[in-house]
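1. sequence plus the predicted model coming up.
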Amino acid sequence: MDQLNHIMLIIGLLLSCSIFASRISSIMGLPVLLLFLILGMLFGENGFLLEIQFSNYNLAFYIANLALAVIIFDGGCQTSYFTFKTSSKPAIILSTFGVLITTLIVGALVYYIFKMSFFESLLVGCMIGSTDAGAVFSLLGSNGVSLKNKVQGPLEIESATNDPMAIFLTITVIEIIKSGVSTAAGGPETFTMSNALLFFLKQFSFGIVFGILFGYLGRMLLNAISIPNGLYSLLVLGVAFTGFAITSAMDGSGFLAIFIIGMIIGNTTLKQLRYIRPVQDGLTWLSQICLFLMLGLLVEPPNLLIHAVDGLIVACIMAFLARPVAVFLCLKLLFKFSTRELLFISWVGLRGSVPIVLAIYPIMNEIPHADLFFNTAFVVVIFSLLVQGATILPVAKFFDVYAPSSTAPVSKGQMGITIDDDYEIFNYEVKHKSCQDQLLSEIKFPNRTMVVSVFRKSMILHPVSRMKLKKGDIISIIGHSDDELLLNTIFNSDTPIKKVHYPYSGDILLSGEADMTEIAEKYGLVITSKEQLLTLGDFLSYHLGGIPTVGDRLTVIDCRFTICEVFGSQIIKVGFEKLENNI
């Protein structure tokens, strides 16, 4: 019983200290993952806090893969189809040829500088050749620095899809080294190039195929099964882990599969996602904490210091030569990236847990100098997080790729009205000074949205067209998830709300209650069967959106309608003008 209490105490202290470290990281401007790593080292066998003894590399390998799977799955859930469509080509080039070029450059220079055997030098390049999804997703986007999508998309997708190439290269080189040792000892040759090529094809093909299959299976189960809300997140994790395991068992890339599964599930409009995302966010943080704490516990600081100089040399080769050369060779000629964007992509080739996990492979396979590989990879990761990770924001501003995120809703939630494409309520705070005394009717909201209330000093107010907004007001709007981006732009604290009025120049005045069928027949206007059932006022409200105001104008082919009189949200009088040319 005492041992159980001791274990619970250690877990509680580690988690509590890690959470406090996340707050310290924001104050000091250091990557939180680096502090998790340092905490693990301080609590480790050679630290000065709890002196926890942990040297089980096999267990560490399994825990690391489980944590990485959760992190990459969450990254897939946050990746939109639009981002993937626009960024997948450069990302995939970087995650394959980029990793290969980085590996070859690092391996060649390590061979030249440290006089190691060729394949041992190449193994160093294999371990640090790929960027890390945990580090990238933690330091970019909603969790960190917001960048222009043209740059951020490729970086995130590259980090999630380059594991197959890194694992393939690492395992291939290890097999070559083992084959050489076996042959030298008089044993049979265990490595063939055909086996390596087959393994490479399996990694990518099975990863993609099973990722798509289990992604749509997860989406189908979410739509078909009604279970308690707290179980939906466990359901999708169960599907994701099953897909990961089956893919890996068939020599496919489980990490690639689980990223695709997450992206397919995360891009659905099912209302169950509102129960999944908060739980998934917590599990991702827990995975990052456990992963980097464990890796910190695993390392021995005295051995780290012995290899510190060699590791720093390798880190500088990777950051200042190998990565930039790989980025420019892969992207400069094929894609329209500016030199400044390419330099930034080169700098943010973040290394995190993946190189350390790959460095466990030589230890598990009893490769000579395995301790050297592990500690070198560890120093490279510390350098990458401390130097590259901590300078992302100033470097992004220097290279003009920083994009301050637009104003997000104070809160939002699905209404639970429909099963698919549900309505959501968005609550926005009026922050910009130019919104002071702004008429609610002058804001052009998306046409599928509706302002339902305004809160001022904790008092609820009924929204009317002549209401003047005050700084600090909270506006509640009902719409769809697709409307959020435009609503963010409207309430962006850096963008004043502009009002536009069009003067009426027609000579025919129509009633807002006029029947659209009669108007269409009289003036030769082509409208849909649905629009034939509307009044003129409803027709204009449908197309213009928001609260109607005098001066709003709609042009349909050669007919122009201008609102002349409104009462509340009802259109009373409309001016009509027949244009000579199609405008």
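-> The structure has been received and is ready for your questions.
2. now the helices: where do they sit in the stretch 1-150 of the chain?
-> All helices of the stretch 1-150 of the chain, identified by DSSP state H, counting those that start in this stretch, fall at 2-28, 32-43, 57-78, 81-93, 99-114, 118-128, 133-139, 149-161.
3. do you know which of those helices lies nearest Leu509?
-> Closest approach to Leu509 among the helices of the stretch 1-150 of the chain is made by helix 81-93 (44.0 Å; Cβ to Cβ). Just so you know, the C-beta spots here come from the backbone N, C-alpha and C atoms, and that holds for glycine as well.
4. give me the angle between the closest one and helix 149-161.
-> Interaxial angle of helix 81-93 relative to helix 149-161 (axes from the mean of the first three to the mean of the last three Cα atoms, to 10 degrees): 60 degrees.
5. returning to that earlier point: turn the helices of the stretch 1-150 of the chain into JSON lines, including distance to Ile306.
-> Compiled in JSON lines, these are given as follows (distance: least, Cβ to Cβ, whole Å):
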{"stretch": "helix 2-28", "distance to Ile306": "27"}
{"stretch": "helix 32-43", "distance to Ile306": "15"}
{"stretch": "helix 57-78", "distance to Ile306": "19"}
{"stretch": "helix 81-93", "distance to Ile306": "37"}
{"stretch": "helix 99-114", "distance to Ile306": "14"}
{"stretch": "helix 118-128", "distance to Ile306": "16"}
{"stretch": "helix 133-139", "distance to Ile306": "25"}
{"stretch": "helix 149-161", "distance to Ile306": "30"}
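6. now for the ones you listed, which one comes closest to Phe255?
-> Closest among the helices of the stretch 1-150 of the chain, using Cβ to Cβ: helix 57-78, at 5.4 Å.
7. in the closest one, what counts as buried?
-> With burial defined by 16 or more other Cβ atoms under 10 Å, the residues of helix 57-78 counted as buried are 57, 60, 63-64, 67-78.
8. ok now that helix, how far from the chain's centre?
-> The chain centroid and the centroid of helix 57-78 are separated by 16 Å under Cα atoms, centre = their mean, to the nearest Å.
9. now it: mean pLDDT?
-> Regarding helix 57-78, the rounded mean pLDDT is 87.
10. i'd like the first residue to be 20 from this point on
-> Shifting the count to begin at 20 puts that one at helix 76-97.
11. extract the C-alpha set from that helix and format it as PDB.
-> Only the C-alpha atoms of helix 76-97 are listed here, as PDB (Å, rounded to 0.1, in the frame of the first residue of the first chain):
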ATOM      1  CA  TYR A  76      14.200   1.500 -23.200                       C
ATOM      2  CA  ASN A  77      11.600  -1.100 -24.400                       C
ATOM      3  CA  LEU A  78       8.900   0.400 -22.200                       C
ATOM      4  CA  ALA A  79       9.900   3.900 -23.200                       C
ATOM      5  CA  PHE A  80       9.700   3.000 -26.800                       C
ATOM      6  CA  TYR A  81       6.100   1.700 -26.400                       C
ATOM      7  CA  ILE A  82       5.000   4.600 -24.300                       C
ATOM      8  CA  ALA A  83       6.500   7.100 -26.800                       C
ATOM      9  CA  ASN A  84       4.700   5.500 -29.800                       C
ATOM     10  CA  LEU A  85       1.400   5.600 -27.900                       C
ATOM     11  CA  ALA A  86       1.900   9.300 -27.000                       C
ATOM     12  CA  LEU A  87       3.000  10.200 -30.500                       C
ATOM     13  CA  ALA A  88      -0.100   8.500 -31.900                       C
ATOM     14  CA  VAL A  89      -2.400  10.600 -29.700                       C
ATOM     15  CA  ILE A  90      -0.500  13.800 -30.600                       C
ATOM     16  CA  ILE A  91      -0.600  13.100 -34.400                       C
ATOM     17  CA  PHE A  92      -4.200  12.100 -34.300                       C
ATOM     18  CA  ASP A  93      -5.100  15.400 -32.700                       C
ATOM     19  CA  GLY A  94      -3.000  17.200 -35.300                       C
ATOM     20  CA  GLY A  95      -5.000  15.500 -38.000                       C
ATOM     21  CA  CYS A  96      -8.300  16.500 -36.300                       C
ATOM     22  CA  GLN A  97      -7.100  20.200 -36.400                       C
END
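12. run through the residues that contact the closest residue to Gly95 other than its chain neighbours.
-> The shortest distance from Gly95 to any non-neighbouring residue, by Cβ to Cβ, 6 or more residues apart in numbering, is to Gly281 (2.5 Å). Residues counted as contacts of Gly281 (Cβ atoms under 8 Å, 6 or more residues apart in numbering) are 91-96, 98, 234, 259.
13. out of the helices of the stretch 20-169 of the chain, the one nearest Pro413 is which?
-> Ranking the helices of the stretch 20-169 of the chain by proximity to Pro413 (Cβ to Cβ) places helix 152-158 first, at 13.3 Å.
14. what packs against the closest one?
-> In terms of contacts (3 or more Cβ pairs under 8 Å, 6 or more residues apart in numbering; DSSP states H and E), helix 152-158 is packed against helix 51-62, helix 76-97, helix 168-180, helix 292-317, helix 372-383.
15. the same query, at a cut-off of 7 Å, please.
-> Under the contact definition 3 or more Cβ pairs under 7 Å, 6 or more residues apart in numbering; DSSP states H and E, helix 152-158 sits against helix 51-62, helix 76-97, helix 168-180, helix 292-317.
16. quick one: buried residues of it?
-> Applying 16+ other Cβ under 10 Å to helix 152-158 flags 152-158 as buried.
17. can you check stretch 496-510 too?
-> 496-499, 502-503, 506-507, 509-510.
18. just checking, Ser149 touches Leu119?
-> No. Applying Cβ atoms under 7 Å, one finds Ser149 not in contact with Leu119, separated by 10.3 Å.
19. which one's more surrounded, the two?
-> Between Ser149 and Leu119, counted using other Cβ atoms under 10 Å, the more crowded position is Ser149 (29 against 19).
20. not counting its neighbours along the chain, what's nearest the more buried one?
-> Ala185 (3.6 Å).
21. looking at the helices of the stretch 20-169 of the chain, which is closest to Cys335?
-> Closest approach to Cys335 among those is made by helix 118-133 (10.0 Å; Cβ to Cβ).
22. now the closest one and helix 137-147, what's the angle there?
-> Counting by the same axes, to 10 degrees, helix 118-133 lies at 130 degrees to helix 137-147.
23. counting by contacts, list what helix 118-133 packs against.
-> Helix 118-133 packs on helix 137-147, helix 182-203, helix 327-336, helix 342-350, going by 3+ Cβ pairs under 7 Å, 6+ apart.
24. mind checking which helix or strand Phe580 is in?
-> Assigned by DSSP states H and E, Phe580 belongs to strand 578-586.
25. mind listing what's buried in that strand?
-> 578-583, 585.
26. tell me the gap between that strand and the middle of its chain.
-> 44 Å.
27. next: stretch 486-504.
-> Chain-centre distance of stretch 486-504: 25 Å, with Cα atoms, centre = their mean.
28. just the C-alphas of it, formatted as CSV.
-> Output of stretch 486-504 as CSV, limited to C-alpha atoms (Å, rounded to 0.1, in the frame of the first residue of the first chain):
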residue,chain,number,x,y,z
MET,A,486,-29.1,49.7,-31.6
LYS,A,487,-25.8,51.4,-31.1
LEU,A,488,-22.9,49.1,-30.0
LYS,A,489,-20.7,49.9,-27.1
LYS,A,490,-17.1,48.6,-26.5
GLY,A,491,-17.3,45.6,-24.3
ASP,A,492,-20.7,44.4,-25.6
ILE,A,493,-21.1,40.7,-26.2
ILE,A,494,-23.1,39.8,-29.3
SER,A,495,-24.7,36.4,-29.6
ILE,A,496,-25.0,35.1,-33.2
ILE,A,497,-26.6,31.9,-34.5
GLY,A,498,-25.0,30.4,-37.7
HIS,A,499,-23.1,27.5,-39.0
SER,A,500,-19.4,26.5,-38.6
ASP,A,501,-18.7,27.8,-42.1
ASP,A,502,-19.7,31.3,-41.0
GLU,A,503,-17.1,31.5,-38.2
LEU,A,504,-14.2,32.7,-40.4
